[in-house]
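*Asks:* sequence and predicted structure are below.
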Amino acid sequence: MTIRYHAYNLPFHHPFTISKGTKTHQPGLLVELEHMGVKGYGEAPAIAYYNIPVEKMIADLEARKTLAERFSFTDPERYWHYLHHLFPANPFLVCALDMAGWDLYGKLKRRPLHQLWGLDTATAPLTDYTIGIDSIDRMVAKMQEKPWPIYKVKVGVPGDIDMVRALRAHTDAGLRVDANAGWSLAEALEKIPQLQALGVELVEQPLAKDNWEDMKILYAESKLPLIADEACVAESDVDKCAGHFHGINIKLTKCSGITPARRMISRAKALGMTVMVGCMNECSVGTAAIAQLAPLLDYVDMDGPLLLAADMAAGVGFDKGRVIYTEAPGLGLTVPPVW
């Protein structure tokens, strides 16, 4: 096999703010995996608070690139296990290569991944569209700029209930909120009933990721479903979330790819939890990977290409929240050469 890579830094349409900070661009790494003349693609965005910048992904890949290329590729799950041991401290890089492996596999089989998995795309849930933290006027303007059936609203800062109340005054669309671990238990207990009265559907990661004791209390008291995000990074976290959250939000980049994400989905469902797969502002490459999994999900957050002002590929589309699939094999992408 041959591995090529390309670092990118894509601009957002609007500065994107959550409780952890603001960014105007999304850096990341695009990878190409070529085998027998067939090319598969994957990506991993760099997220500052996980301390895996693009430079680290490239350095780790270059250090063991020959070994990653020597693998005798037959199926992506075997390749993921190999990569998992080859790059044990870099799940982001493993994700990009695993994603490329699955794209390659689908192309070798000449079928989209969702078809290989026996999934019906008609059952895929609608994706939400994220409204980042901003002044109330700007948040309302962003929402009106993008009419959508479901919005995810970033909260976790002072005045966040006023933000949601203002958005609700301008739309009847579904609302979800994501606190990104920005509340204390007392704040969550006070705010969740107000959010319920505003017709909010669910709350993502209300408390700090390691605050399991208070999450147990909130889980028992909450009138809204609580979805783990920062508290559910890897496969080993799924069982810990049971009894503390009503569902989990899986991020392909954080968990190290499609292969472990499929196992996490199965395990969460076995434990009676709902499942979301969320984005980390991937372009259309990572978003297409989420789309292949979407029929397995209760909720999906795959609006990266809608938030970004530039893209590295084409393929996945949207019609007011509904995912538009192509019939192309693998991830269903067209990726212009950038190498």
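*Replies:* That came through, no problem. If you're wondering where the values come from, they're calculated on a predicted model, not measured in any experiment.
*Asks:* next, the contact list for K254, please.
*Replies:* By C-beta atoms under 8 Å, 6 or more residues apart in numbering, the contact list for K254 reads 50, 91-92, 95, 233-234, 280. Bear in mind the C-beta positions are built from the backbone N, C-alpha and C, glycine included.
*Asks:* ok but it is inside a helix, no?
*Replies:* Yes. K254 forms part of a helix when assessed by DSSP: H, G, I helix; E, B strand; the rest coil.
*Asks:* and the helices in the stretch 151-300 of the chain?
*Replies:* In the stretch 151-300 of the chain, the helices defined using DSSP state H, counting those that start in this stretch lie at 160-168, 185-197, 212-221, 236-241, 252-255, 258-270, 284-293.
*Asks:* Q194 and K152, how far apart?
*Replies:* Distance of Q194 to K152, computed by C-beta to C-beta, to the nearest Å: 18 Å.
*Asks:* ok, N9 next?
*Replies:* Plainly put, N9 is 24 Å away from K152 if you go by C-beta to C-beta.
*Asks:* same deal with E282?
*Replies:* 15 Å.
*Asks:* more neighbours: these two, which one.
*Replies:* Neighbour totals were compared for E282 and K152, and E282 leads with 29 against 24 (other C-beta atoms under 10 Å).
*Asks:* just to revisit the earlier point, tell me which two in the contacts of K254 are the farthest apart.
*Replies:* By the measure C-beta to C-beta, A234 and M280 form the most distant pair in the contacts of K254, at 14.9 Å.
*Asks:* over to the spatially closest residue to H13 that is not a sequence neighbour: give its phi and psi.
*Replies:* Distance criterion C-beta to C-beta, 6 or more residues apart in numbering; nearest residue to H13, sequence neighbours excluded, is A309 at 4.9 Å. Note on A309: backbone dihedrals following degrees, to the nearest 10 are phi -90, psi 0.
*Asks:* what's the local residue count around A309?
*Replies:* What A309 shows, counting by other C-beta under 10 Å, is a neighbour count of 12.
*Asks:* cool, Y5 as well?
*Replies:* Neighbours of Y5 using other C-beta under 10 Å come to 23.
*Asks:* wait, it touches L33, no?
*Replies:* No. Between Y5 and L33 there is no contact under C-beta atoms under 8 Å: 9.9 Å.
*Asks:* domain parsing for the chain?
*Replies:* 2-110, 115-324 (automatic domain parsing).
*Asks:* the shortest one - what's its average pLDDT?
*Replies:* In this case it means domain 2-110. Averaging pLDDT along domain 2-110 gives 96.
*Asks:* what of the last one?
*Replies:* The average pLDDT within domain 115-324 is 97.
*Asks:* and the contacts of stretch 135-148?
*Replies:* 14, 128-129, 131-134, 151, 153, 162-163, 166-167, 170-171, 173, 306, 320-321.
*Asks:* could I get the buried residue list for that stretch?
*Replies:* 139-140, 142-143, 148 (16 or more other C-beta atoms under 10 Å).
*Asks:* just stretch 37-55 next, same as before
*Replies:* 38-47, 52-54.
*Asks:* cool, and stretch 268-285?
*Replies:* Buried, per 16+ other C-beta under 10 Å, within stretch 268-285: 268, 273-285.
*Asks:* same deal with stretch 155-166?
*Replies:* 155-156, 160-161, 163-164.
*Asks:* ends of it, how far apart?
*Replies:* Length of stretch 155-166, first residue to last, C-alpha to C-alpha, to the nearest Å: 13 Å.
*Asks:* what's it in contact with?
*Replies:* 18-19, 133, 136, 139-140, 153, 175, 177-183, 191, 194-195, 198, 200.
*Asks:* state the number of residues packed around A173.
*Replies:* Quick note: A173 (other C-beta under 10 Å) scores 17 neighbours.
*Asks:* equivalent analysis for R110, please.
*Replies:* R110: 12 neighbours (other C-beta under 10 Å).
*Asks:* quick one: the strands in the stretch 51-200 of the chain?
*Replies:* 129-131, 150-154, 174-178, 200-204 (DSSP state E, counting those that start in this stretch).
*Asks:* which elements pack onto the last one?
*Replies:* The criterion is 3 or more C-beta pairs under 8 Å, 6 or more residues apart in numbering; DSSP states H and E, and the helices and strands that strand 200-204 contacts are strand 174-178, helix 185-197, strand 226-228.
*Asks:* which strands border that strand, and is each parallel or antiparallel?
*Replies:* strand 174-178 (parallel), strand 226-228 (parallel) (DSSP bridges).
*Asks:* surely K65 meets I3?
*Replies:* Yes. Between K65 and I3 there is a contact at 6.0 Å, judged by C-beta under 8 Å.
*Asks:* give me the more crowded residue out of these two.
*Replies:* I3 (17 against 14).
*Asks:* the more buried one should be in a strand, yeah?
*Replies:* Yes. Judged by three-state DSSP, I3 forms part of a strand.
*Asks:* list the contacts for it?
*Replies:* By C-beta under 8 Å, 6+ apart, the neighbours of I3 are 31-34, 61, 65, 68-69, 97.
*Asks:* and the residues you listed as CSV, adding distance to K23?
*Replies:* Output for the contacts of I3, formatted as CSV (distance: C-beta to C-beta, whole Å):
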residue, distance to K23
V31, 22
E32, 26
L33, 28
E34, 32
L61, 24
K65, 29
A68, 29
E69, 33
L97, 25
